[in-house]
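>>> My questions concern the predicted model and sequence given below.
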Amino acid sequence: MGLLTKAGYPISWDSEENSAAVKYVLEHGIEQFLALYSDYKKEVNRPFLWGDEVEYQLVHLDQETKQAKLWLHAADPMEALNKMEEESKETGAHIDGLWRPEYASYMIEGTPAKPYNHELSSIASVEKSLELRRQMLLDKLPPGVVPLTLVNFPRMGSIEPKTGQSDFTIPPCVPRGPVSHSLFVPDNCINPHPRFGTLTANIRKRRGKKVSIRVPLYVDSKTRIDPVLNIDFNAQNKHIKTAATATLDDDDDDVTDNKIKRQKCDNIDDLEVNVTPTMYYFAQYFEKKESGPILSKKHTDPVPAHPSIFMDCMAFGMGCNCLQTTFQARHINQARHVYDQLAVLCPMMLALSAAAPIHKGLLSEIDVRWMVISESVDDRKEVEVPKIMKSRYDSISTYISTIPADAYLAAMNDRALHIDEVVYGKLREAKIDHRLARHVSHLFIRDPLVIYSGRLRQLEDSRESDHFENIQSTNWQSMRFKPPPPKAAGSDIGWRVEFRIMDAQISNFENSAYITFTILLARAIIQFDLDFYIPLTSVDINTARAHIRDAARTKKFIMQKNIKPLHILKDPKNVEYTEMTLDEIFNGNSDFEGLIPIVERYIEHSKQTEYNEASDEGKKQWEAAHKRIKAYLELLRRRANGTLSTTAQFLRNFVLNHPTYNKDSKITPEINFDLCKLADEISRNKAFPEDLLPKSLYDSAGPL
């Protein structure tokens with residue numbers, strides 16, 4: 001995650017040297033991008049190579065006490081795994097994966113040791129790679145600690161009222177630390193590398209208050225709601241600064257009879273809950289008739305809307321596991337084309353991969369993680385919100401392909417875009433086209449958040465790209481357009497596109513299905529020159545809809561009808577759009593071929609060279625790969641048509657039907673343990689829930 005170095009010290013946002021350092025990074029970051037563009041703009045014929053990134057949370061399962069808790073020592077296996085990587089570089093010994101630290105002290109990220117290629121046998125090998133990587137990680141963990149690819153830990157943020165310590169971590173820790181100031185998450189949950197604590201603190205300092213996250217609460221018959229703030233009822237709420245006067249309770253307990261001890265806050269600037277950036281995102285969960293009052297009364301208590309779950313720490317978002325793929329294009333223009341087309345499909349892939357119905361130990365009315373992370377890293381100040389409409393973590397803000405005619409792309413880029421005019425002018429002077437210049441100058445409206453004193457003025461812009469990556473790597477959009485590393489670095493990497501939207505799944509089989517589908521879809525877009533464009537405002541509407549509970553079964557998404565190759569000239573006024581279910585989008589209807597049939601058509605096309613010209617052994621490998629990929633496509637087909645549950649639907653039903661569920665929206669310790677234990681069994685191919693991943697479907701893929 002971003003640049004990891006220990007050169008010098010990370011500069012604090014409120015230090016005297018920070019202003020000059022921010023200005024320097026912004027000025028030299030653009031010079032570094034221009035150097036990269038100059039070096040690589042004419043490169044063509046790069047091979048199609050790709051990789052995946054899968055994040056794990058490390059969970060301790062105590063079989064005796066029936067407790068599941070986050071294990072806050074990911075640095076220990078990281079050290080051992082990094083040592084293996086260094087030894088393999090020296091000796092040439094094979095290793096099954098590469099490992100990198102992530103935001104949380106209980107997280108770790110795994111990637112393949114070498115990239116895959118375009119051949120079907122290579123694409124189908126990802127599950128074998130994930131199995132080997134999981135075992136590689138397991139070998140470095142102590143007994144009782146398991147790597148899970150649940151999106152978030154079910155009881156994340158649960159504080160034991162009597163001790164005031166976290167009861168979801170090993171060891172238990174005290175919240176309200178100096179870095180995050182969170183009421184619910186101890187600073188011990190943040191990776192100890194200086195980057196992550198500095199990132200957390202600097203976001204808080206830049207925005208002038210700690211982050212504020214709200215998602216709609218699933219309200220059951222016994223769900224308790226804070227009567228003042230209209231948020232989940234929690235003893236820690238006594239520390240929240242509120243604009244309303246609350247009835248104080250004289251009892252020694254913090255919480256009695258739905259009363260919470262608290263004090264009134266008279267200064268709007270000190271409010272923590274109903275602030276402008278937060279309410280912008282909270283409003284997106286609702287239809288227009290409901291969202292208006294939310295935005296118009298952002299500084300009042302309670303918010304006139306559905307009760308919400310309140311979270312106040314970056315770890316609630318950046319502590320989530322996600323599933324990402326990155327591929328290398330033949331050249332820059334191909335990368336820009338696929339970037340645009342996949343950006344349109346991000347919301348649908350988010351809805352189909354939905355795996356996050358639980359937040360802060362409570363059932364929510366959403367199924368995915370995306371906007372939770374958007375709010376968790378939102379460093380905008382109140383005054384910036386009217387012109388900077390999105391968090392640093394959100395859907396893309398502009399299309400960048402070189403292929404469509406100006407009038408056509410202008411109609412699709414229908415959302416106002418805030419850019420750095422000085423950066424834009426510099427890019428245009430350097431002969432960067434208008435579309436790419438808009439994209440890059442939009443990235444540079446953000447300040448760098450973590451600057452190291454030892455990697456500031458010491459860099460040569462023509463040979464290093466740290467300052468550009470400082471901006472690029474903290475613009476966490478649904479898609480990322482990635483320039484190559486500097487040639488001086490000696491790497492052999494071209495222009496790349498990163499697909500960042502999907503929730504992580506429980507099993508390697510499921511993760512492999514989503515990974516391979518994304519790659520095959522990218523290949524089909526390239527091969528068939530597909531045009532999925534819809535206006536960006538519609539992409540944002542689709543993204544909001546993808547969050548809603550059971551969106552995969554109940555929501556419709558805006559799509560273009562009658563997909564044609566992009567090179568066919570179109571009048572934007574004549575392009576037809578319609579709303580489709582996920583079943584129609586993935587499996588097709590009379591107006592739309594369907595994403596899965598498109599992928600199947602691509603596989604048949606690639607068979608002409610990969611299979612027909614292969615040796616007998618090569619034909620056997622292709623057939624085995626095809627069999628496995630057909631099983632993956634069948635999983636997605638059934639989830640799209642509703643005959644199988646999404647992971648979010650499965651987890652929600654597990655909670656609602658658990659014997660200790662008390663109809664109060666809460667994840668009990670017993671639910672938490674049983675859910676984590678089942679997730680471990682699913683990840684080890686020991687359990688196959690019929691409504692999530694039937695064993696017959698798993699077996700249909702054949703042996704790994």
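Yes, it's here.

>>> And the contacts of the helix or strand hosting Val440?
For Val440, the host element (DSSP states H and E) is helix 434-443. With contact meaning CB atoms under 8 Å, 6 or more residues apart in numbering, helix 434-443 is reached by 30, 33, 336, 397-402, 409, 417-421, 423-424, 427-428, 432, 471-472, 475, 481. Bear in mind the C-beta positions are built from the backbone N, C-alpha and C, glycine included.

>>> Is Ala343 in a helix, a strand, or coil?
helix (DSSP: H, G, I helix; E, B strand; the rest coil).

>>> That one against Ser395, yeah?
Yes - using CB atoms under 8 Å, Ala343 makes contact with Ser395 at a distance of 7.3 Å.

>>> Is the nearest residue to Glu102 once chain neighbours are set aside in a helix, a strand, or coil?
Spatial nearest neighbour of Glu102, excluding adjacent residues (CB to CB, 6 or more residues apart in numbering): Glu109 at 5.0 Å. On the three-state scheme (three-state DSSP), Glu109 is labelled strand.

>>> partners of Glu109 in the sheet?
Glu55, Arg100 (DSSP bridges).

>>> okay, how far is it across stretch 169-178, tip to tip?
19 Å (CA to CA, to the nearest Å).

>>> pLDDT (mean, whole number) over it?
Averaged across stretch 169-178, pLDDT comes to 97.

>>> swap in stretch 387-398?
What stretch 387-398 shows for mean pLDDT is 95.

>>> ok, and for the helix holding Val440, which residues are buried?
Arg435, Leu436, Ala437, Arg438, His439, Val440, Ser441, His442, Leu443 (16 or more other CB atoms under 10 Å).

>>> possible to save the residues you listed as a markdown table with pLDDT?
Conversion of the buried residues of helix 434-443 to a markdown table gives the following (pLDDT from 0 to 100):
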| residue | pLDDT |
| --- | --- |
| Arg435 | 98 |
| Leu436 | 98 |
| Ala437 | 98 |
| Arg438 | 98 |
| His439 | 98 |
| Val440 | 98 |
| Ser441 | 98 |
| His442 | 98 |
| Leu443 | 98 |
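
>>> What is the nearest of those residues to Gly618?
Nearest to Gly618 among these is Leu436, at 40.0 Å by CB to CB.

>>> could you check the distance from the closest one over to Ile400?
6 Å (CB to CB, to the nearest Å).

>>> if I look at those two, which residues touch both of them?
Residues touching both Leu436 and Ile400 (CB under 8 Å, 6+ apart) are Arg336.

>>> and stretch 226-243, how far from the chain's centre?
Chain-centre distance of stretch 226-243: 28 Å, with CA atoms, centre = their mean, to the nearest Å.

>>> pLDDT of that stretch, averaged?
Averaging pLDDT along stretch 226-243 gives 85.

>>> Isn't Tyr280 up against Glu382?
No - assessed by CB under 8 Å, Tyr280 is found out of contact with Glu382, at 10.8 Å.

>>> in the protein, which ranges drop under the pLDDT threshold?
Low-confidence segments of the chain (pLDDT under 70): 1-6, 242-274, 287-304.

>>> what about 80?
1-7, 241-277, 279-280, 286-305, 566-570 (pLDDT under 80).

>>> so where's the longest helix in it?
What stands out as the longest helix in the chain, according to DSSP state H, is helix 616-641.

>>> Which element is encountered next along the chain beyond the helix holding Val440?
That would be, after helix 434-443 and using DSSP H and E, helix 466-472.

>>> So which other helices or strands are in contact with that next one?
Applying 3 or more CB pairs under 8 Å, 6 or more residues apart in numbering; DSSP states H and E, one finds that helix 466-472 contacts helix 18-40.

>>> Next, the angle from the helix it packs on to helix 434-443.
160 degrees (axes from the mean of the first three to the mean of the last three CA atoms, to 10 degrees).

>>> Could you measure from Lys222 over to Asn662?
In terms of CB to CB, Lys222 sits 6 Å off from Asn662.

>>> Looking at these two, which has the bigger crowd around it?
Between Lys222 and Asn662, counting by other CB atoms under 10 Å, Asn662 is the more crowded of the two (13 against 10).

>>> Near the residue nearest to Arg206 when sequence neighbours are not counted, how many other residues are there?
With sequence-adjacent residues excluded and distances taken as CB to CB, 6+ apart, Arg206 is closest to Asp379, at 4.6 Å. Using other CB under 10 Å, the number of residues around Asp379 comes to 23.

>>> Quick one: residues contacting Asp379.
Counted by CB under 8 Å, 6+ apart, Asp379 has contacts Asn202, Ile203, Arg206, Arg207, Ser391, Arg392, Arg446, Asp447, Leu449.

>>> which of these sit farthest apart?
Asn202 and Ser391 (15.0 Å).

>>> sec struct for Phe316, please.
Strictly by three-state DSSP, Phe316 counts as helix.

>>> That one contacts Val185, correct?
Yes - counting by CB under 8 Å, Phe316 does reach Val185; the two are 6.9 Å apart.

>>> Find residues that contact each of the two.
Met156, Gly157.

>>> ok, now which ones touch Ala430?
Contacts of Ala430 by CB under 8 Å, 6+ apart are Leu34, Tyr37, Ser38.

>>> roughly how far apart are the second one and Val440?
Here the distance between Tyr37 and Val440 works out to 9 Å (CB to CB).

>>> ok, now the first one?
Taking CB to CB as the criterion, Leu34 is separated from Val440 by 9 Å.

>>> nearest spatial neighbour of Phe233, skipping sequence neighbours?
Arg224 (3.7 Å).

>>> Quick one: the strands in the stretch 301-450 of the chain, in order.
Using DSSP state E, counting those that start in this stretch, the strands of the stretch 301-450 of the chain run over 308-311, 322-328, 358-359, 362-363, 393-394.

>>> Is Ile332 in contact with Lys41, as I believe?
Yes - between Ile332 and Lys41 there is a contact under CB under 8 Å: 6.2 Å.

>>> which one of these two has more residues nearby?
Ile332 (22 against 15).

>>> Excluding sequence neighbours, find me the nearest residue to that one.
Closest residue in space to Ile332, ignoring its immediate chain neighbours: Trp495 at 4.6 Å, by CB to CB, 6+ apart.

>>> Surely that neighbour is in contact with Gln328?
Yes - taking contacts as CB under 8 Å, Trp495 lies within contact range of Gln328: 7.1 Å.

>>> Give the residues shared as contacts by those two.
By CB under 8 Å, 6+ apart, the residues touching both Trp495 and Gln328 are Arg46.

>>> Surely the residue nearest to Phe233 and Asp664 touch.
Yes - if you go by CB under 8 Å, Arg224 and Asp664 touch, sitting 6.7 Å apart.

>>> residues contacting His94?
Taking CB under 8 Å, 6+ apart, we find His94 in contact with Ser88, Ala113.

>>> hang on, the earlier thing: between Ala343 and Ser395, which one's more packed in?
The neighbour comparison of Ala343 against Ser395 (other CB under 10 Å) goes to Ala343, with 27 against 22.

>>> What separation is there between the more buried one and Pro703?
37 Å.

>>> What count of nearby residues applies to Thr278?
Per other CB under 10 Å, the neighbour tally for Thr278 reads 22.

>>> In contact with it, which residues are there?
So Thr278 contacts Ser212, Ile213, Arg214, Lys298, Glu375, Asp378 (CB under 8 Å, 6+ apart).

>>> neighbours around the first one, how many?
Neighbourhood size, Ser212 [other CB under 10 Å]: 24.

>>> hang on, His658 packs against Asp674?
Yes - under the criterion of CB under 8 Å, His658 makes contact with Asp674 at 6.7 Å.
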